[in-house]
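1. Predicted model follows, preceded by the sequence.
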Amino acid sequence: MAGLRVWRLNSTDEMLHEAAGALGSSRIVQVLWRFPDPVPTAALEAEWQRLNRGWLSRVAAAPRVPGARRSWVGATNEEPLRVTARPLAEADLPGWMDAQVRAPLPVGSAALWRLAVAPYRGGGLVSLTVPHFRCDGLGLFRAIAADDVPGYATATAVPLGSDLGDALGQAAGLLAGAAGWGAGLLAHPQERRRIRAALRNGSAPAPAGSRPRFFTSAIVETDAARWEERARAHGGTANSLFVEIAANLIRARVPREQQRAVQVGIPMNLREPAADGRANALVVVPLTLPGGAVRHAGLRETRQAAKAALASSGAHSTTLVPEALWHRLPARHANRLKAPGAQQTDVVASNFGQVPDAVAHFAGRTADSVAMRTMNVPGLVPERARLRASLCLLQVGARMTVTATAIPDHFGDPESLHRLIADEFAAWGLTARPWLGAPAPYKQED
């Protein structure tokens, strides 16, 4: 056990663990691979075993020393590989993909993640589903690509000395940070008002809420070079075009009285380039854009606003108080003093960039495309969360893949959502091609 590296839960990990109780739903991340040829079950069984030895098979363990943070320890996934024998028809696709997400992977369960495969169009469709509290999107890519996972990543016990060292480190951080933070509160009345408002608003009981809404999905792909060219032509970047498209979906479908301004959540990556064992290493930066009618005139303002918002954000943005203090607060106060996060924006725009070759190559084969979705399970409760849509952007070779999930109250079924995206792409001079077959009307489960 000497020299054991222990990874502790950060504030984002803890918030995501508590999301089911606070918001009535949990956030799930799903990676989808589209293979042109059949994927042997034996190869997927080998991948299951490899992933089970790695970063995904971890659970949170309580510290043995008061004041220390919880730690990640290794565990065994008890969710077996799911194999669908019957080839999927086009009408089966939404239901199959959603079934992989809907089946529970709750906090405290021994079902840690889910790998599934189904035959499709002479090839195969593979899904890997992981709770967000266990891993963020880029962390999931890291777990998929990892060949050799360090022993400390999945150790099943934490030395007492590590807990003691963390408790002392947290105390030192609290002493060092609290004085400067307190002085800042005295000097900035607006910060005092912000803290008081968070505590006051959090004291009211959460609304009972209506039934959870499971989001509609649509996945499209388009030419990556054309995306870059159209972004430049409008004075923006590939990312600012993506952000504006996300905002336009809200402008187009969410009633005007509900979106005088559109708040786009932009996940900011905080992960280190070397082996970074954090489950979640990101902060969602809220970007406020004008509401009203859809906008296709230019991207310069959006680009500048996004750049400024990201420049002023960082690890300090996850909580409203110093993180060392946040970890010591009672749960009722900690929950009120967290940053609003993705669930309290109108739409999240997650740009994951180029998919690594080690992710596209899975089970001994190279996928012709990869997509990612983030979903609320069992669904989003509208009275408890502001979120109405979530978009993910990936580049796989010469193609961009965009996945959109959205509340059916405003966006309808997959066919309706696909038409909206196709129209939005066309307004920018882009062609949206279905990622899987042709979109078809699909009755969602209650």
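-> Looks like it arrived, so ask away. Numbering: from 1, shown residues only.

2. ranges for the helices of the stretch 101-250 of the chain?
-> Taking DSSP state H, counting those that start in this stretch to define them, one finds helices in the stretch 101-250 of the chain at 137-145, 160-187, 189-203, 224-233, 238-253.

3. Nearest approach to T84 belongs to which of those?
-> helix 137-145 (20.8 Å; C-beta to C-beta). Glycine gets a C-beta too; all of them are placed from N, C-alpha and C.

4. what residues does that closest one touch?
-> Contact partners of helix 137-145, identified using C-beta atoms under 8 Å, 6 or more residues apart in numbering, comprise 29, 31, 51, 54-56, 128, 130, 135, 267, 269, 271, 276, 278-282, 350, 352, 355-356, 358-359, 362, 372, 374, 392.

5. and those, which are buried?
-> The neighbour count (16 or more other C-beta atoms under 10 Å) marks 29, 31, 51, 54-56, 128, 130, 135, 267, 269, 278-282, 350, 352, 355, 359, 362, 372, 374, 392 as buried among the contacts of helix 137-145.

6. per-residue pLDDT, A315?
-> Note on A315: pLDDT of 67.

7. One more: Q258?
-> At Q258, pLDDT is 62.

8. Let the chain start at 36 from now.
-> Got it, first residue is 36 now, which makes that one Q293.

9. tell me the domain boundaries of this protein?
-> Following automatic domain parsing, one gets these domains for the chain: 46-196, 251-469.

10. would a markdown table of the ones you listed with distance to S245 be doable?
-> Shown next, in a markdown table, are these (distance: least, C-beta to C-beta, whole Å):
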| stretch | distance to S245 |
| --- | --- |
| domain 46-196 | 10 |
| domain 251-469 | 7 |
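
11. Would you tell me which of these gets closest to A211?
-> The minimum distance between A211 and the domains of the chain falls on domain 251-469, with 8.2 Å, by C-beta to C-beta.

12. re earlier: give me the subset of the contacts of helix 172-180 lying in helices.
-> For these, membership in helices holds for 86, 393-394, with DSSP state H as the criterion.

13. how about stretch 254-268: buried residues?
-> Buried residues in stretch 254-268 (16+ other C-beta under 10 Å): 254-257, 259, 261-262, 265-266.

14. Switch these over to TSV; also include distance to A402 and pLDDT.
-> Compiled in TSV, those are given as follows (distance: C-beta to C-beta, whole Å; pLDDT from 0 to 100):
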residue	distance to A402	pLDDT
I254	14	97
V255	17	97
E256	13	96
T257	18	97
A259	16	97
R261	22	98
W262	20	98
R265	26	98
A266	26	97
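
15. Show me which of those residues is closest to I442.
-> I254 (17.1 Å).

16. so where is the stretch 86-235 of the chain shaky, pLDDT-wise?
-> 185-190, 212-223, 226-227, 229-230, 232-235 (pLDDT under 70).

17. what pLDDT does the closest residue to L317 other than its chain neighbours get?
-> Nearest non-adjacent residue to L317, counting by C-beta to C-beta, 6 or more residues apart in numbering: P302, 4.9 Å away. Here the pLDDT value assigned to P302 is 93.

18. Who does P302 form a beta bridge with?
-> Applying DSSP bridges to P302 gives these bridge partners: V319.

19. What residues does it make contact with?
-> Residues near P302 by C-beta under 8 Å, 6+ apart: 171-172, 317-320, 377, 383, 385.

20. So which of those residues sits lowest on pLDDT?
-> A377 (78).

21. Distance-wise, check it relative to I301.
-> According to C-beta to C-beta, to the nearest Å, A377 and I301 sit 10 Å apart.

22. just S197 next, same as before
-> The gap separating S197 from I301 is 34 Å, by C-beta to C-beta.

23. quick revisit: which one of the domains of the chain lies nearest to Q225?
-> domain 251-469 (12.4 Å).

24. Mind putting the helices of the stretch 136-285 of the chain into a markdown table with distance to R338?
-> Formatted as a markdown table, these follow (distance: least, C-beta to C-beta, whole Å):
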| stretch | distance to R338 |
| --- | --- |
| helix 172-180 | 22 |
| helix 195-222 | 30 |
| helix 224-238 | 27 |
| helix 259-268 | 9 |
| helix 273-288 | 4 |
